[in-house]
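>>> next one to model:
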Amino acid sequence: VQLVESGGGVAQPGGSLRLSCAASGFTLSTYLMSWYRQAPGKERELVADITSTIGSTSYADSVKGRFTISRDDAKNTVYLQMNSLKPEDTAVYYCNAFAYVVRVTYNYWGQGTQVTVSS
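The predicted model follows:
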């Protein structure tokens, strides 16, 4: 079981980046998939998530209207499109997969990808 993030990098304020999280070893459409981020000296926070099967989405207030989470079931990949980036979006972004099935918790994390927003 593995989650591999990619797409991080450096962007200017107002710019865009798209993060990808490719899953292997399980079908991510059966999991709650989330993006978290952690800035230096701060706690990890939930950015966005997408529910299993139906694919309902939700966002942190700080990114609502700027970020979009989506899922490509054929590629077993979840994305985070980040537009109108701000310096305060600078953080390591982590992909998470969570499921609770028959009293067993499944909770997987990716290795993280750095996003830096700076002029």
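
>>> every contact and neighbour count from this point should use C-alpha atoms.
OK.

>>> burial check on Gln2, number of neighbours?
By other Cα atoms under 10 Å, the residues close to Gln2 number 15.

>>> then Thr68?
Counted with other Cα under 10 Å, Thr68 comes out at 20.

>>> surely it and Val78 touch.
No: assessed by Cα atoms under 8 Å, Thr68 is found out of contact with Val78, at 10.6 Å.

>>> and the strands in the chain?
2-6, 9-11, 17-24, 32-38, 45-50, 57-59, 67-72, 77-82, 91-101, 104-109, 113-117 (DSSP state E).

>>> direction included, what does the last one pair up with?
The partner list of strand 113-117 in its sheet, established with DSSP bridges, is strand 9-11 (parallel), strand 91-101 (antiparallel).

>>> looking at these, spot the one closest to Thr113.
Between Thr113 and the strands paired with strand 113-117, the tightest spacing by Cα to Cα is seen for strand 91-101, at 5.3 Å.

>>> in the protein, where is pLDDT below threshold?
The chain contains no residues with pLDDT under 70.

>>> any idea which residue is closest to the centre of it?
Nearest to the mean C-alpha position of the chain, counting by Cα atoms, centre = their mean, stands Trp35 at 2.5 Å.

>>> not counting sequence-adjacent ones, nearest residue to that residue?
The shortest distance from Trp35 to any non-neighbouring residue, by Cα to Cα, 6 or more residues apart in numbering, is to Cys95 (4.7 Å).

>>> quickly note the distance from the one you found to Ser119.
26 Å (Cα to Cα, to the nearest Å).

>>> pick out whichever of these two has more residues nearby.
Cys95 (28 against 9).

>>> distance check, the more buried one against Tyr59.
14 Å.

>>> same deal with Val102?
With Cα to Cα as the criterion, Val102 and Tyr59 are 28 Å apart.

>>> just Leu3 next, same as before
21 Å.

>>> of these two, who's got more company?
A side-by-side neighbour count of Leu3 and Tyr59, using other Cα under 10 Å, places Leu3 first with 23 against 19.

>>> dump the residue contacts of that one.
Counting by Cα atoms under 8 Å, 6 or more residues apart in numbering, Leu3 makes contact with Cys21, Ala22, Ala23, Ser24, Cys95, Asn96, Tyr108, Trp109, Gly110, Gln111.
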